[in-house]
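Trainee: structure for the following, please:
(3 chains)
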Amino acid sequence: MKIVADKPRMLTDTPLHYCPGCAHGIVHKLVAEVLDELGKVDGAIGVVPVGCSVFGYKYFKCDVLEAAHGRAPAVASAIRRVVNPDNMIFTYQGDGDLASIGMAETVHACMRGENITIIFINNGIYGMTGGQMAPTTMPGEKATTCVYGRDPKVNGNPVRMCEMLATLTGPAYIERVSVYDVPHVNKTKAAIKKAFQMQMEKKGLSFIEVVANCPTNYHMTALESMQFVKEKGCEFYPLGVYKDITKEEK
Amino acid sequence: MQKLTISGFGGQGVLSLGKFISYSAIEQNLNTSWLPSYGPEMRGGTANCSVIYSAEEIAAPVIDKADILIAFNEPSLDKFENTVREGGIIIVNSDIVKKETTRKDVKFYQIPVDTLASAINKRGANVYTLGLLLPIFGDISEEAAIHAVEHVFESKPKVIPSNIECLKAGIAYMKDLLK
Amino acid sequence: MKKLWKGNEAIAEAAVAAGCRYFFGYPITPQNEIPEYLSWRLPEVGGAFIQAESEVSAINMVYGAAGAGARCMTSSSSPGISLKQEGISYIAGAELPCVIVNIMRSGPGLGGIQPAQGDYFQATKGGGHGDYHPIVYAPCSIQEFVDITYSAFDIADKYRTPVMIIGDGMLGQMMEPAEIPPMRDLSTLPDKNDWAACGHSDGIPRIINSLRIEADENEEFNLRLFEKYAVIAQNETKHEYYEIDDAEIVFVAYGSVARICKAAVVELRANGIKAGLIRPITLYPYPTDAVAEVAKKDCVKKFITVEMSMGQMVEDVRLAVNGLKPVEFYGRCGGNVMMPADLVKYVKEGK
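Mentor: Residues are numbered from 1 along each chain as shown, chains lettered A, B, ... in the order given. You can find the predicted model right below:
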């Protein structure tokens, strides 16, 4: 019998704890597929955050360190110096983890140009803790700590990480993608693949932001939440390549 | 055993004089400790260090009553003259320190260290002072001090001869004074 | 021959000799010589140094390097050690071996940069959140800094636990003759292949983690952690007695203060007063038995705990003495250091 589809070798059999319709499952699978396809599952080291993907170590079938909230890029930077340069190192972080409490770690790992890959899930909300305002919650968007919607005068403004990090010399590749439909899932996979390929070529830090959804805390159906990501999320957070040193080299 | 307080402006070689004494003590197979003041006063203000050497284990590295005070400037004399034990010694660099000590119960030496040393080596004041101290110590040999100088200037061998000359001149000067 | 070593640099070179190859730190006085030294020394021996963006990052880099199986360390001074507490708790929770040096300065807050011992509670009673203790050593000389640093990495590996070495600004800055032990052959270091997440290819993921979301699982972990601490207490508790045999007045002090007490003991004995000293070398586990034994002796009239703080270790002394004898406290703080004469006067005049 011919196998036409299979689960990536890099995913364990543990059932995902994510809510129905959540983008985390999709991105987990993409990261696993890419490392499978690149033949880089062996020796891969993941660093998972605090937030919804805190249990990442149960799903990724490779060595994994569960980092303190926001500290994954610091943890990964140290590992980079300890292990074989050919081992793939990635962090997988949400917006509260990466862009709020871990902003310094993120920016400085990028400044150092660490040869690692950062996968950044931006759904504009704190999912695990119950829907509080994130550093990427959009103006007007409701959260449990800004119940009438984010008012920049009161709550400050959200941050666009790709745009900000693209101003730095350190990173090699920065792209913002989304997973609201199949073509974009494919584009996301291509971006993640390129990110790891660049790490394999020791080009430096690659940063992939995935504009994602949170149906539970948006109080939407899965489909509605993806529609919201497409119409509102990707409008505020435009998709595209923000930095690519391989293009600059040409 | 000797307990010394060495004090002066930052940059006068106060801390390195202390190190020369400690290294000489090591060369003489003695125990020693060197404790610097640290912090903002090191930058432009006064710097000082406490140096102890002894044949015994050194308990406290801090000094409440010093055997010898070396003051390279007047604020140092003011600050530390009352911490010298009765019958102790105060040496001042008289090129800079113009006043006398208020203490009547100590031996007081006013020595133009900068002038004397710079005739040999412009940066030799601290090694010259080490030379001044050896006849007072009595238990650290000239050879030990020479080894210490050679050790400290290991990476700058060119300056070793003139520093040894400073050391010997300091020893001769103090021997003369003690006659 | 012995070489004159500054405390901070002696710690750094002893760490290199012990096989430590990774250091992560952030500048703060009075410990700067440690990162400065290691920034050039580690690359010489094939290691790496990162000046981290913060103490928080530095300790989490330690988490990463230790989790990947490397001998690594960080150092800081009091306010910076406060920032590291989150990471130390995670390191204890993930059972990772590492060495953390605290060259204490005075607090609270930004405080001052002069020597102090105000971080005793923080070091020995946990510091960060949750039930855990690092092993805490308090050396009193540069040679002891060297010897303890050299063995600390082995102790950390043996028990898979963070080890903290605490000194103060005086010990960090002072110089004394010391001998660095020979460089460890890295091939003789413990094999961590069964647990370290260093990128395995045998299909068995190694997980470094402190999350135990099920209450029973986490309780079981805490119980196991404290069984480990009991073994550590049995094997690793260290102290020094000085002139204790016939002592009537017993000082208890650690680190540089213990040396000031030693000088006071000598002077008091010269004055016909039988004084002695108990110097805890491990602050956690605390040498409770060593203090309790002395408390039982008939000749002992009282204990005087001496600290550069408002009185922290004195609580452990009181627990150990358990009411058998009076326990007094003498302290200076804010960066001030007591002199031996102050202690002699205190014993003679009671103030």
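Trainee: I'd say residue A:21 and residue A:222 touch.
Mentor: Yes - counting by C-beta atoms under 8 Å, residue A:222 is a contact partner of residue A:21 at 2.4 Å. From N, CA and C alone the C-beta is placed, and that goes for glycine too.
Trainee: which neighbours do the two share?
Mentor: A:213, A:215 (C-beta atoms under 8 Å, 6 or more residues apart in numbering or on different chains).
Trainee: pLDDT score for the residue in chain A positioned nearest to chain B?
Mentor: Among the residues of chain A, residue A:104 lies nearest to chain B; the distance is 27.7 Å by C-beta to the nearest C-beta. Here the pLDDT value assigned to residue A:104 is 98.
Trainee: list the contacts for it?
Mentor: Residue A:104 neighbours (C-beta under 8 Å, 6+ apart): C:53-54, C:56-57.
Trainee: and it, what helix or strand is that in?
Mentor: helix A:103-112 (DSSP states H and E).
Trainee: after that helix, which helix or strand is next?
Mentor: Once the chain leaves helix A:103-112, the next helix or strand it forms, by DSSP H and E, is strand A:117-122.
Trainee: about what we covered before: which of the contacts of residue A:104 tops the neighbour count?
Mentor: For these, the largest number of neighbours (other C-beta atoms under 10 Å in any protein chain shown) sits with residue C:57, at 30 neighbours.
Trainee: what about that one, which SS state?
Mentor: Three-state call for residue C:57 (DSSP: H, G, I helix; E, B strand; the rest coil): helix.
Trainee: just the pLDDT at it, thanks.
Mentor: Listed pLDDT for residue C:57 reads 98.
Trainee: and for the one 3 residues further on?
Mentor: For residue C:60, the model assigns a pLDDT of 98.
Trainee: the one 4 residues further on too?
Mentor: pLDDT, the model's per-residue confidence, is 98 for residue C:64.
Trainee: state the phi and psi torsions of it.
Mentor: Dihedral pair for residue C:64: phi -70, psi -50, per degrees, to the nearest 10.
Trainee: residues contacting it?
Mentor: A:47, A:65, A:67, A:74-79, A:82.
Trainee: could I get stretch A:234-245 in CSV with only the CA atoms?
Mentor: Taking Å, rounded to 0.1, in the frame of the first residue of the first chain, the C-alpha atoms of stretch A:234-245 are listed here in CSV:
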residue,chain,number,x,y,z
CYS,A,234,-3.3,41.0,8.6
GLU,A,235,-4.4,44.5,7.9
PHE,A,236,-2.7,45.7,11.1
TYR,A,237,0.2,43.3,10.7
PRO,A,238,1.0,43.3,7.0
LEU,A,239,2.4,40.0,5.7
GLY,A,240,5.7,39.9,3.9
VAL,A,241,9.5,39.7,4.1
TYR,A,242,10.9,42.4,6.3
LYS,A,243,14.5,41.4,6.0
ASP,A,244,16.4,38.9,4.0
ILE,A,245,20.2,39.2,3.8
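Trainee: follow-up on the earlier one: tell me which two of the contacts of residue C:64 sit farthest apart.
Mentor: A:67 and A:82 (15.0 Å; C-beta to C-beta).
Trainee: those two: which has the busier surroundings?
Mentor: Ranked by neighbour count (other C-beta under 10 Å), residue A:67 and residue A:82 place residue A:67 first, with 32 against 25.
Trainee: I'd guessed that one sits against residue C:60; true?
Mentor: Yes - at 6.6 Å, residue A:67 and residue C:60 qualify as touching, with contact defined as C-beta under 8 Å.
Trainee: what do those two both touch?
Mentor: Common neighbours of residue A:67 and residue C:60 (criterion: C-beta under 8 Å, 6+ apart): A:74-75.
Trainee: returning to that earlier point: out of the contacts of residue C:64, give me the one that has the most neighbours.
Mentor: residue A:74 (35 neighbours).
Trainee: any idea which helix or strand carries it?
Mentor: Going by DSSP H and E, residue A:74 is in helix A:72-82.
Trainee: that helix near chain C at all?
Mentor: Yes - Helix A:72-82 lies within reach of chain C by C-beta under 8 Å from any C-beta of the partner chain, at A:74-79, A:81-82.
Trainee: helices of chain C, start to end?
Mentor: Applying DSSP state H to chain C gives helices spanning C:7-17, C:33-44, C:55-67, C:78-93, C:120-124, C:142-159, C:169-173, C:215-236, C:255-270, C:288-296, C:313-321, C:340-349.
Trainee: any idea which of these gets closest to residue A:176?
Mentor: For residue A:176, the closest of the helices of chain C is helix C:55-67, at 25.1 Å, according to C-beta to C-beta.
Trainee: give me the beta-bridge partners of residue C:6?
Mentor: Beta-bridge partners for residue C:6, by DSSP bridges, are residue C:175.
Trainee: now do residue C:23
Mentor: Note on residue C:23: beta-bridge partners by DSSP bridges are residue C:49, residue C:73.
Trainee: and the stretch 51-200 of chain C, which residues reach chain B?
Mentor: Within the stretch 51-200 of chain C, the positions adjacent to chain B are C:113-114, C:169-170, C:173-177 by C-beta under 8 Å from any C-beta.
Trainee: how about low-confidence regions in chain B?
Mentor: By pLDDT under 70, the low-scoring segments of chain B are B:40-45.
Trainee: quick one: the helices in it, in order.
Mentor: Using DSSP H, helices in chain B cover B:14-27, B:74-80, B:113-118, B:125-137, B:142-152, B:160-178.
Trainee: what number of residues lie near the nearest residue to residue C:238 once chain neighbours are set aside?
Mentor: Distance criterion C-beta to C-beta, 6 or more residues apart in numbering or on different chains; nearest residue to residue C:238, sequence neighbours excluded, is residue C:281 at 3.8 Å. Residue C:281: 21 surrounding residues under other C-beta under 10 Å.
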